[in-house]
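In: Provided below for reference: sequence and predicted model.
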Amino acid sequence: MSDCICDTESPAARDGKRMNILMPISAVQAALAREAECLAGIEKLPLALCRGRILASSVTAPLSVPPRDNSAMDGYGLRLTDLDDSAEFPVSQRVPAGVLPPALQPGSAARIFTGAPLPAGVDTIVPQEQVESVGPDRIRINISPTRGQNIRRAGEDVEAGNLLLNEGTRLEAPEMGLLASQGLADINVRTRLKVGILTSGDEIVSPGQELGPGQIYNANAFSLRGALERLGCDVGPAVQIPDSRGATCLALEQAARDHDLIVTSGGVSVGDEDHVRQAIRELGSLTLWGVAMKPGKPFAFGYVGATPVLGLPGNPMAALLTLEVLAGDYIRRLMGVTVRPAIPIRVHAGFSRTRAIPRQEYLRVNLKNWRGQWHATLSGSQGSGLLSVACRADGYLIIPPYQAIIEGAQYEFVHRDQLYR
Ligand SMILES: Nc1nc2c(c(=O)[nH]1)N[C@H]1C(S)=C(S)[C@@H](COP(=O)(O)OP(=O)(O)OC[C@H]3O[C@@H](n4cnc5c(N)ncnc54)[C@H](O)[C@@H]3O)O[C@H]1N2
Ligand code: MOO
């Protein structure tokens with residue numbers, strides 16, 4: 001396998017007992033892209049409920065916006081050539097927004113307000129600050145305006161008949177405003193992808209319950225819910241599975257019946273108590289396992305029957321990062337999103353490290369601006385169990401495999417929010 005990386009840093013590999021073969025992140029993402037097809041249906045929703053939804057069909061503009069040439073300023077409308085004769089004008093009409101004015105009387109000016117349609121004959125708007133009142137309904141223009149100034153042209157925003165928004169667009173603030181500006185009240189959007197979360201491990205207890213000896217609270221059920229909901233998925237109640245093959249199979253089968261996608265956490269590494277990977281194999285197929293990513297190495301992907309399963313590692317930071325970084329675009333595709341690549345930003349490392357590892361690392365960092373350039377400093381210790389560090393980080397600094405970190409050199413940075421585009 002030419003595109004695989006040997007995990008020579010694992011203790012087992014160092015002992016020469018076993019060598020994990022890890023796929024590069026790009027190969028995992030490409031494999032997931034090949035597997036991905038939209039699983040979401042279509043529903044019509046009132047526009048007010050569409051924030052975060054995905055457009056299910058492209059929209060053609062029914063209207064031109066603005067519908068007519070109109071004023072961009074509160075002021076006076078005139079025909080520019082009339083200024084050749086005199087700087088003084090009688091004010092012949094008053095045009096508020098929302099009326100259709102008569103044509104301009106030659107040699108006069110129209111009092112006009114922002115958004116009001118231009119009377120025929122007006123080709124220039126002079127803001128009121130540049131106009132002097134020289135008598136009742138009489139003004140003087142004290143500057144030399146240019147023809148066409150302060151006029152918003154009909155169709156300047158959108159021309160009727162043109163493509164307004166493409167299928168697969170996520171509807172956020174500007175898109176909602178744009179659809180409203182076209183008078184569209186009900187929109188065809190994708191139904192929300194139904195996702196089931198299964199968390200594994202006998203030590204895991206739900207918040208609100210008493211902790212027994214050796215037990216910890218279920219962080220992943222909530223961090224993964226947060227990420228999936230922010231992507232726009234419909235997340236059912238998380239199910240906690242005990243460490244047994246039978247219970248794991250049962251939970252996976254049930255989840256596959258009720259959901260479009262299953263997300264599991266834990267149980268994908270090599271320990272005797274790690275049953276998720278084997279259960280996926282038994283109930284369907286395990287397509288991918290092992291990625292050259294830190295944190296996140298034991299990421300798995302497969303199917304239970306026809307339902308896809310993202311098998312995320314149990315370590316909280318590894319679970320969240322693999323969902324965001326490896327599986328983000330895959331989930332978007334299942335949802336019907338037309339995937340746009342994250343905007344790459346390069347920043348300077350504000351620290352160095354001689355040790356290089358064979359996995360691509362995602363370091364939790366904060367950015368500081370120093371003399372006009374952005375520098376990344378570690379937000380804290382980088383253990384893959386540590387969520388507190390991620391909470392105070394601005395995002396992730398990406399260190400390619402086998403690279404040391406050189407202070408001042410540039411590396412790719414991805415802002416946390418970019419992962420939810
Ligand atoms: N011998 C080896 N051991 C491990 C390897 C390896 O290659 N060889 N890989 C390590 C790496 S890297 C990771 S990541 C973890 C992932 O293992 P699993 O996916 O099987 O996860 P678990 O063992 O079930 O749990 C790991 C860790 O995370 C805690 N955890 C699990 N679920 C939750 C949850 N819902 N909320 C909060 N914390 C959770 C769990 O208690 C463990 O501490 O394997 C390494 N081991
Ligand atoms: O792959 Mo893991 O490095 O502990 O998250």
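Out: Cool, got the structure. Numbering: from 1, shown residues only. Ligands and ions are numbered 1, 2, ... in the order given.

In: what is the neighbour count of the single nearest residue of the stretch 201-350 of the chain relative to ligand 1?
Out: Nearest residue of the stretch 201-350 of the chain to ligand 1, counting by C-beta to the nearest ligand atom: residue 314, 2.4 Å away. Any C-beta I mention is one placed from the backbone N, CA and C, and that applies to glycine too. Neighbour count of residue 314, defined by other C-beta atoms under 10 Å: 24.

In: go on, residue 35?
Out: Neighbours of residue 35 under the rule other C-beta under 10 Å: 16.

In: quick one: pLDDT of it?
Out: We note a pLDDT of 97 for residue 35 in this prediction.

In: now for residue 214: which residues touch it?
Out: residue 203 (C-beta atoms under 8 Å, 6 or more residues apart in numbering).

In: neighbours of the closest residue to residue 354 other than its chain neighbours, how many?
Out: Closest residue in space to residue 354, ignoring its immediate chain neighbours: residue 404 at 5.2 Å, by C-beta to C-beta, 6 or more residues apart in numbering. Other residues near residue 404 number 12, with proximity taken as other C-beta under 10 Å.

In: from ligand 2, how far off is residue 404?
Out: For residue 404, the distance to ligand 2 equals 19 Å [C-beta to the nearest ligand atom, to the nearest Å].

In: same deal with residue 196?
Out: Distance of residue 196 to ligand 2, computed by C-beta to the nearest ligand atom: 22 Å.

In: show the pLDDT at that residue.
Out: 98.

In: sorry, back to before: retrieve the pLDDT associated with the residue nearest to residue 354.
Out: 97.

In: could you pull out the buried residues of the single longest helix found in the chain?
Out: Using DSSP state H, we find that the single longest helix of the chain is helix 245-258. Judged by neighbour count using 16 or more other C-beta atoms under 10 Å, the buried positions of helix 245-258 are 248, 249, 251, 252, 255, 256.

In: contact partners for the closest residue to residue 244 other than its chain neighbours?
Out: Using C-beta to C-beta, 6+ apart and skipping residues adjacent in sequence, the residue nearest residue 244 is residue 275, 6.6 Å away. Residue 275 makes contact with 200, 243, 244, 245, 248, 267, according to C-beta under 8 Å, 6+ apart.

In: turn those into TSV, columns for pLDDT.
Out: Output for these, formatted as TSV (pLDDT from 0 to 100):
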residue	pLDDT
200	96
243	92
244	94
245	94
248	97
267	92
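
In: out of those, who's near ligand 1?
Out: 200, 267 (C-beta under 6 Å from any ligand atom).

In: and which of the buried residues of helix 245-258 is nearest to ligand 2?
Out: residue 248 (20.3 Å).

In: now the host helix or strand of residue 134: buried residues?
Out: Using DSSP states H and E, residue 134 falls within strand 131-135. By neighbour count on 16+ other C-beta under 10 Å, the buried set for strand 131-135 is residue 131.

In: so how far is that strand from its chain's centroid?
Out: Relative to its parent chain, strand 131-135 has a centroid offset of 52 Å by C-alpha atoms, centre = their mean, to the nearest Å.

In: list the pairing partners of the helix or strand that the longest helix of the chain is followed by within its sheet, with orientation.
Out: Per DSSP H and E, the first helix or strand lying C-terminal to helix 245-258 is strand 261-265. Its sheet considered, strand 261-265 pairs with strand 194-200 (parallel), strand 307-312 (parallel) by DSSP bridges.

In: just say which of those is most tucked in.
Out: strand 307-312 (a mean of 26; mean count of other C-beta atoms under 10 Å).

In: ramachandran angles for residue 243?
Out: Dihedral angles of residue 243 (phi, psi; degrees, to the nearest 10) stand at phi -80, psi 70.

In: which ones are touching it?
Out: So residue 243 contacts 200, 201, 202, 267, 273, 275 (C-beta under 8 Å, 6+ apart).

In: rerun that using 6 Å as the cut-off
Out: The contact partners of residue 243, taken as C-beta atoms under 6 Å, 6 or more residues apart in numbering, are 202, 273.

In: tell me the predicted confidence for residue 269.
Out: 89.

In: and if you look at residue 341?
Out: Residue 341 is given a pLDDT of 87.

In: ok, now residue 421?
Out: 86.

In: how many neighbours does residue 168 have?
Out: Using other C-beta under 10 Å: residue 168 sits among 20 other residues.

In: next, the contact list for it, please.
Out: So residue 168 contacts 337, 338 (C-beta under 6 Å, 6+ apart).

In: rerun at 8 Å
Out: 54, 55, 336, 337, 338.

In: residue 165 is nearest to which of the strands paired with strand 261-265?
Out: Smallest distance to residue 165 across the strands paired with strand 261-265 (C-beta to C-beta): 25.0 Å, for strand 194-200.

In: after that closest one comes which helix or strand?
Out: strand 204-205.

In: now name the helix or strand holding the nearest residue to residue 132 once chain neighbours are set aside.
Out: The shortest distance from residue 132 to any non-neighbouring residue, by C-beta to C-beta, 6+ apart, is to residue 140 (4.5 Å). Secondary structure from DSSP H and E places residue 140 in strand 138-141.

In: which other helices and strands does that strand contact?
Out: Applying 3 or more C-beta pairs under 8 Å, 6 or more residues apart in numbering; DSSP states H and E, we find strand 138-141 packed against strand 75-78, strand 88-95, strand 131-135.
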